[in-house]
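Enquirer: here is my input, please return the structure:
(one chain, ligands or ions: 1)
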Amino acid sequence: MPESRTVALVTLGCARNEVDSEELAGRLEADGWKLVEDAEKADVAVVNTCGFVEAAKKDSVDALLEANDLKGHGRTQAVVAVGCMAERYGKELAESLPEADGVLGFDDYADISDRLQTILNGGIHAAHTPRDRRKLLPISPAERQEAGASVALPGHGPADLPEGVAPSSGPRAPLRRRLDGSPVASVKLASGCDRRCSFCAIPSFRGSFISRRPSDVLNETRWLAGQGVKEIMLVSENNTSYGKDLGDIRLLESLLPNLADVDGIERVRVSYLQPAEMRPGLIDVLTSTPKVVPYFDLSFQHSAPNVLRAMRRFGDTDRFLELLDTIRSKAPEAGVRSNFIVGFPGESESDLAELERFLNHARLDAIGVFGYSDEEGTEAATYGDKLDEDVVADRLARVSRLAEELVSQRADERVGATVRVLVESVESADEGDGVRGRAEHQAPETDGQVLLTSGEGLSVGRMVDAKVVGTEGVDLVAEPLPGSPEWSEEAGR
Ligand code: SF4
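Expert: Numbers count the residues shown, from 1 in each chain. Okay, the predicted model is just below:
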């Protein structure tokens, strides 16, 4: 095995892909590969693709082409696609994109090192023919854990502890290698989804819902804390379902306090919550557990009943507003983000007005708006009442404008409040960016940030209390409070 073989991972898409990239990095490093940041300096550039919607697929293809352009200039000899788009299209992608020297699916992850070596040696790895991964696990959730041992589940790590290691013997290094020094890390809680939203292709390539064992999630969190991580974000396609295949649909409620108790962890955040599965006990735990932030990532997708039913989803404007009222009655400052699809087949002008009514009342902190586009293999792609592309584009522009205005207004409402900020980047004033971090109501990447007016004594990974003194769109401008324990400790040096 040559000592010097190097690999770079280029990650697109969501936080779930980031976890998968770190797992791949862990596997590769364990097998002697040297991880480098720059694709240019790597023998193999691995692009972890996203296959969610058209725009994401285009970005993934662009990243593959960009890596391919490095061949012949720098050190790069091979470009390999992994991730959702690679899994979803397999052979078809390999045929249509000869610039990629390899297309690997989830089943290849356990042997990633061998696959890359084969490709680097000029060998050919035949890409897989995609299959519906829901069929790999039993229909009955209770039977899935056993079957799950033989199914590739990216980000779940190996199911068995290495020989001689007792589950209680402290943080065992998971099959993961951090790719950046960020004080924030995502942790996989589960994979797959059992819901049947008519626009969504994810379950067909991510498979049926399967939870990770709580001991694995806890163990990985302890390990991350040892790596300097302060905030963990639990990720999966649907965190509200956690535990249903382990015989306890309320497992998230009992796991969260244990995660928050891990030494060194200052903040636990739960992403993707399915509105139809929200329950009072979960809201209580999310709003009352120290270090678990009152943050609600609820993808409502729409609020007009007609559209929601066509999407195979539940709810309506008033039920969603009631849910938000319940949350805010327990945690008035709770952060809420949501995504919406506009221009769904059959969406009328009055449906759109109903969505706007919801948005105007919901006081959301962050809003993602997407224009509907057909995803092959989904039920919605077969619907007959499609809207013209320009109508979808107009509605997207209209709702995006409204969303931008509303999240700025919501940010304004926070002026005068005290927020606890996790510092994520510190640059000197002449570098231009100052000190940035995130408050409890802001998730990494997708939401706003806090710009601190002073960086004195602050370093990345510190928590500081700050008073909000202004806003810049969705971002808050805040002044650190001298009484803040970590701030004083550092500033006093
Ligand atoms: S809940 Fe719906 S939108 Fe989300 S992953 Fe499952 S099927 Fe897709």
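Enquirer: and stretch 179-189 with the ligand, contact?
Expert: No - figure legend: stretch 179-189 not in contact with the ligand (CB under 6 Å from any ligand atom); closest approach 13.7 Å. The C-beta positions use only the backbone N, C-alpha and C, and glycine is treated the same way.
Enquirer: can you list the residues of this protein near the ligand?
Expert: So the chain meets the ligand at 193, 195, 197, 200, 202-203, 237-238, 274 (CB under 6 Å from any ligand atom).
Enquirer: pLDDT and secondary structure added to these, as JSON lines?
Expert: Formatted as JSON lines, these follow (pLDDT from 0 to 100; DSSP: H, G, I helix; E, B strand; the rest coil):
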{"residue": "193", "pLDDT": "95", "secondary structure": "coil"}
{"residue": "195", "pLDDT": "94", "secondary structure": "coil"}
{"residue": "197", "pLDDT": "97", "secondary structure": "coil"}
{"residue": "200", "pLDDT": "95", "secondary structure": "coil"}
{"residue": "202", "pLDDT": "92", "secondary structure": "helix"}
{"residue": "203", "pLDDT": "93", "secondary structure": "helix"}
{"residue": "237", "pLDDT": "94", "secondary structure": "coil"}
{"residue": "238", "pLDDT": "96", "secondary structure": "coil"}
{"residue": "274", "pLDDT": "97", "secondary structure": "coil"}
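Enquirer: gap between the residue nearest to residue 251 when sequence neighbours are not counted and residue 282?
Expert: Excluding the flanking residues, the one nearest residue 251 by CB to CB, 6 or more residues apart in numbering is residue 243, at 2.7 Å. To residue 282, residue 243 is 11 Å away according to CB to CB, to the nearest Å.
Enquirer: beyond the lengthiest helix in the chain, next helix or strand please.
Expert: Across the chain, the longest stretch assigned as helix under DSSP state H is helix 389-413. Remark: after helix 389-413, the chain's next helix or strand is strand 418-426, criterion DSSP states H and E.
Enquirer: flag the shaky bits of the protein, pLDDT-wise.
Expert: Applying pLDDT under 70 to the chain flags the ranges 1-3, 158-173, 428-433, 484-493.
Enquirer: in three-state terms, label residue 107 for me.
Expert: helix (DSSP: H, G, I helix; E, B strand; the rest coil).
Enquirer: quick check, it in contact with residue 127.
Expert: No - applying CB atoms under 8 Å as the test, residue 107 and residue 127 come out as separate, 11.2 Å apart.
Enquirer: which one of those two has more residues nearby?
Expert: Between residue 107 and residue 127, residue 127 has the larger neighbour count (other CB atoms under 10 Å), namely 21 against 14.
Enquirer: tabulate the residues of the chain next to the ligand in CSV, adding columns for neighbour count.
Expert: Formatted as CSV, the residues of the chain next to the ligand follow (neighbours: other CB atoms under 10 Å):
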residue, neighbour count
193, 22
195, 16
197, 20
200, 23
202, 20
203, 21
237, 22
238, 23
274, 18
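Enquirer: gap between the nearest residue to residue 139 once chain neighbours are set aside and the ligand?
Expert: Closest residue in space to residue 139, ignoring its immediate chain neighbours: residue 208 at 7.9 Å, by CB to CB, 6+ apart. Separation of residue 208 from the ligand (CB to the nearest ligand atom, to the nearest Å) stands at 11 Å.
Enquirer: so how far is residue 455 from residue 208?
Expert: Using CB to CB, residue 208 is found at 47 Å from residue 455.
Enquirer: and the helices in this structure, which stretches?
Expert: Along the chain, the segments classed as helices by DSSP H run 15-30, 54-70, 83-96, 112-120, 144-148, 202-206, 214-226, 251-260, 280-288, 305-310, 317-330, 349-362, 389-413, 485-491.
Enquirer: give the contact list for residue 349.
Expert: Residue 349 makes contact with no residue, according to CB atoms under 8 Å, 6 or more residues apart in numbering.
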